[in-house]
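K.L.:
Provided below for reference: sequence and predicted model.
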Amino acid sequence: MTRKAVPVFSSVLFVVALSTPAVIQAQGPAGSSARDIQTEVQKNEPRVDQIIERANDHFRKGKLNLEDNKREQARDEFDKAVDAILMSGMDVRSSQRLQTYYLELVERIYREEVPLTQLAPNATTVVAQAPANAKTDGVEIAQAQPKQQQIGFVQQGFEPSPLDALSKLILTEDEKTVTAEQLANAEQVKNSLDFKFTMNPLVQQYINFYQGRGGRGTMESGLRRSGRYMKIARDAFRKAGVPEDIVWLGQVESAWQPRAKSWAAASGLWQFIGSTGAAYGLRQTAWVDERNGIEKPTSASARHLKDLANRYNGDWLLAMAAYNTGAGNVDRAISRAGEANFWKIYPYIAQETRNYVPNILAVILIAKNPEKYGFNVRPEAPMSFDPVPVPSATSLRLIAEATDTSLDHIQSLNPELKRDTTPRGEAFTVRVPAGRGKQLASLLKRVPGDRRDTARVISVAPGEEWQSIANRTGVSVATLQSMNAGVDLNSATKLLVPNSTIRLTNWKRSADTPGASLNRVKARKGDTIAKIAAAHNLSANEVARLNGIAPNTALQAGQEIKLPSTGSAPAPTSRR
């Protein structure tokens, strides 16, 4: 998790799961009354009041700027509100009230910048839950109730950051047991890495963790998912002058999930908090959060690591520690230890950072030689896509339909987008499935500027007539011809239709299609027409028309779906 260059306190705030801090009683002389002795929590209350007051002041200014449509000034004030807490020098965990306030503040800021007033069907709004008796200190908290979202406001789903679990990890006695043979094997693998470090038994202890119990599943999924991003990561790290083996920091930060998010609002593959992301050029607006992207945050992470390594004379272990806890904390630990060496400063850094660095080293060693450690996992294929510049406020559903794919897939290729449209008021380069870029660019030339966020795309059959298309879509012939001026139905495969009136109805193949027949499958929980079509190598639009169901509508388990027969072999009657 990345912090500013000189944060005042440990990144424990960003990796620790919520827990009620212990109350430490002050010790007084014999015979004194316990009622006269303040707890540490009570002593801190005036300081907590001051921190909350400063944060509230910035929040109110941000809200006023937002009401005046001064979005950049509002964002600046909101950032200052969060920084008032994070840069206060006080451990948020030491005060339940401050901890609760912080979570509420982050949630409220998000809702001010992305005002959810309408929700897509079946979606729910999830907010941080404060204890029933928690003091809110003037920050309103939205209730966790389903709402309806405005067009263009689709809730961005997030995955939990593995850092939260790592902060609570306690190794078992078996995992702590390290043999000389294990250390010798680790030393052998270590010598093949592209950076140097001194081996420590702690690293082998984490290797033991990943080889057994819960750690094996995490390691296997990371080895598998890493294939999507490894080429992009290695290229970025090499360009920045960072050892390529250190890309495995991404496994510990996010488990290679672009939408991983910690409870403290660090986000993305490389877990940037807002201020550090902004410092490295990652935009965070109501439309886009580039921390959740792919190429830009990967490059930013590499540059941040290089800057930290330069600060510590090329010591990559100290750079990793500072990436997690902040350079200020590492500097103070070095001052106390009297030596710039991770294993020397180990007693003087937060527990989460003590776990963090040897954990990354363990992951690097396993990833360098997975078979040696009992992992036989085939990485997923590298991401393959075409980048296509699209105009302001272009609907992702339009892009999906124009490229014969699903909305889910387009969103997964563009995880930095917060809404179901590209940013309004600017061009945006969207990623589409490889080989579909020219197809999208060609169709977008036909879409009027005022309809890029509302138009839909349908496929047409060879020889289909205007009236037939009108009948199955509910759109008049005149409207169809107006929206598709100059299109020749004899050669066209796709047409534009207005989103407001389109309906998907059963579409019968032309009578001159010999041997046309139907197969039937049963949907599983979580299936959509698009998923079923992809599993059978069929057009999602064609299957949708055949069943009168939109491609991305959630299906009920057991619901029967009709598929066009390919004529090659009988299709199964159910999917198990």
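P.N.:
The structure has been received and is ready for your questions. Numbers count the residues shown, from 1 in each chain.
K.L.:
helices along the stretch 451-576 of the chain, start to end?
P.N.:
Using DSSP state H, counting those that start in this stretch, the helices found in the stretch 451-576 of the chain span residues 466-473, 477-483, 529-535, 540-547.
K.L.:
now do the buried residues in the third one.
P.N.:
Looking back up the chat, that one is helix 529-535. For helix 529-535, a neighbour-count test (16 or more other C-beta atoms under 10 Å) marks 529-534 as buried. To be clear about C-beta, it is placed using only N, CA and C from the backbone, and glycine gets the same treatment.
K.L.:
now render those residues as JSON lines, adding pLDDT.
P.N.:
Shown next, in JSON lines, are these (pLDDT from 0 to 100):
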{"residue": "Ile529", "pLDDT": "88"}
{"residue": "Ala530", "pLDDT": "83"}
{"residue": "Lys531", "pLDDT": "86"}
{"residue": "Ile532", "pLDDT": "90"}
{"residue": "Ala533", "pLDDT": "84"}
{"residue": "Ala534", "pLDDT": "82"}
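K.L.:
could you work out the most separated pair of the residues you listed?
P.N.:
Ile529 and Ala534 (9.6 Å; C-beta to C-beta).
K.L.:
so what sits against both of the two?
P.N.:
Ala540 (C-beta atoms under 8 Å, 6 or more residues apart in numbering).
K.L.:
how about low-confidence regions in the stretch 451-576 of the chain?
P.N.:
500-517, 545, 548, 565-576 (pLDDT under 70).
K.L.:
quick one, strands of it?
P.N.:
455-459, 494-498, 518-522, 560-564 (DSSP state E, counting those that start in this stretch).
K.L.:
can you list the ones you listed in CSV and add distance to Asn329 and mean neighbour count?
P.N.:
Shown next, in CSV, are the strands of the stretch 451-576 of the chain (distance: least, C-beta to C-beta, whole Å; neighbours: other C-beta atoms under 10 Å):
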stretch, distance to Asn329, mean neighbour count
strand 455-459, 52, 22
strand 494-498, 56, 21
strand 518-522, 56, 15
strand 560-564, 56, 18
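K.L.:
can you give me the neighbour number for Trp270?
P.N.:
The burial count assigned to Trp270 is 29, neighbours taken as other C-beta atoms under 10 Å.
K.L.:
secondary structure element for the closest residue to it other than its chain neighbours?
P.N.:
Distances taken as C-beta to C-beta, 6 or more residues apart in numbering put Ser301 closest to Trp270, at 3.7 Å, once the chain neighbours are dropped. Assigned by DSSP states H and E, Ser301 falls within helix 295-311.
K.L.:
for that helix, C-alpha coordinates in PDB please.
P.N.:
Listed next in PDB are the C-alpha coordinates belonging to helix 295-311 (Å, rounded to 0.1, in the frame of the first residue of the first chain):
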ATOM      1  CA  GLU A 295      -1.100   0.500 -17.400                       C
ATOM      2  CA  LYS A 296      -1.000   3.900 -15.600                       C
ATOM      3  CA  PRO A 297      -1.000   2.700 -12.000                       C
ATOM      4  CA  THR A 298       1.500  -0.100 -12.800                       C
ATOM      5  CA  SER A 299       3.900   2.600 -14.200                       C
ATOM      6  CA  ALA A 300       3.200   4.800 -11.100                       C
ATOM      7  CA  SER A 301       3.900   1.900  -8.800                       C
ATOM      8  CA  ALA A 302       7.200   1.200 -10.500                       C
ATOM      9  CA  ARG A 303       8.200   4.900 -10.300                       C
ATOM     10  CA  HIS A 304       7.200   5.100  -6.700                       C
ATOM     11  CA  LEU A 305       9.300   2.100  -5.800                       C
ATOM     12  CA  LYS A 306      12.300   3.500  -7.700                       C
ATOM     13  CA  ASP A 307      12.000   6.800  -5.900                       C
ATOM     14  CA  LEU A 308      12.000   5.000  -2.500                       C
ATOM     15  CA  ALA A 309      14.900   2.800  -3.500                       C
ATOM     16  CA  ASN A 310      16.900   5.900  -4.500                       C
ATOM     17  CA  ARG A 311      16.100   7.300  -1.000                       C
END
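K.L.:
so which elements touch the next helix-or-strand element following that helix?
P.N.:
Helices and strands here follow DSSP H and E; after helix 295-311, the next one along the chain is helix 316-325. Where contact means 3 or more C-beta pairs under 8 Å, 6 or more residues apart in numbering; DSSP states H and E, helix 316-325 is packed against helix 295-311, helix 327-337, helix 342-345, helix 351-368.
K.L.:
report the distance from the third one to the chain centre.
P.N.:
Pointing back at helix 342-345 there. Here the centre of helix 342-345 is set off from its chain's centre by 32 Å, with C-alpha atoms, centre = their mean, to the nearest Å.
K.L.:
average pLDDT for it?
P.N.:
On average, the pLDDT along helix 342-345 is 96.
K.L.:
for it, which positions count as buried?
P.N.:
Quick answer for helix 342-345 (16+ other C-beta under 10 Å): 342-343, 345.
K.L.:
quick revisit: and Leu105, which of the helices of the stretch 451-576 of the chain is closest to it?
P.N.:
helix 529-535 (38.0 Å).
K.L.:
hang on, the earlier thing: nearest to Ile549, of the buried residues of helix 529-535?
P.N.:
Scanning the buried residues of helix 529-535 for proximity to Ile549, where the rule is C-beta to C-beta, the winner is Ile529, at 5.5 Å.
K.L.:
mind listing what that closest one touches?
P.N.:
Counting by C-beta under 8 Å, 6+ apart, Ile529 has contacts 540, 543-544, 547, 549-553, 555, 561.
K.L.:
need these in CSV (columns: distance to Leu193).
P.N.:
Putting those into CSV (distance: C-beta to C-beta, whole Å) gives the following:
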residue, distance to Leu193
Ala540, 45
Val543, 49
Ala544, 50
Asn547, 54
Ile549, 52
Ala550, 50
Pro551, 46
Asn552, 44
Thr553, 49
Leu555, 48
Ile561, 50
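K.L.:
buried subset of those?
P.N.:
Counted by 16+ other C-beta under 10 Å, the contacts of Ile529 give 540, 543-544, 547, 549-552, 555, 561 as buried.
K.L.:
so Asp386: helix, strand or coil?
P.N.:
Three-state call for Asp386 (DSSP: H, G, I helix; E, B strand; the rest coil): strand.
K.L.:
quick one: residues contacting the closest residue to Thr403 other than its chain neighbours.
P.N.:
Distances taken as C-beta to C-beta, 6+ apart put Arg436 closest to Thr403, at 3.9 Å, once the chain neighbours are dropped. If you count contacts by C-beta under 8 Å, 6+ apart, Arg436 has them with 386, 403-405.
K.L.:
for Leu169, see how far away Phe209 is.
P.N.:
According to C-beta to C-beta, to the nearest Å, Phe209 stands 7 Å off from Leu169.
K.L.:
who has more neighbours, these two?
P.N.:
Neighbours per residue, other C-beta under 10 Å: of Phe209 and Leu169, the larger number sits with Phe209, 22 against 16.
K.L.:
I'd say the more buried one and Leu171 touch.
P.N.:
Yes - with contact defined as C-beta atoms under 8 Å, Phe209 reaches Leu171; the gap is 6.1 Å.
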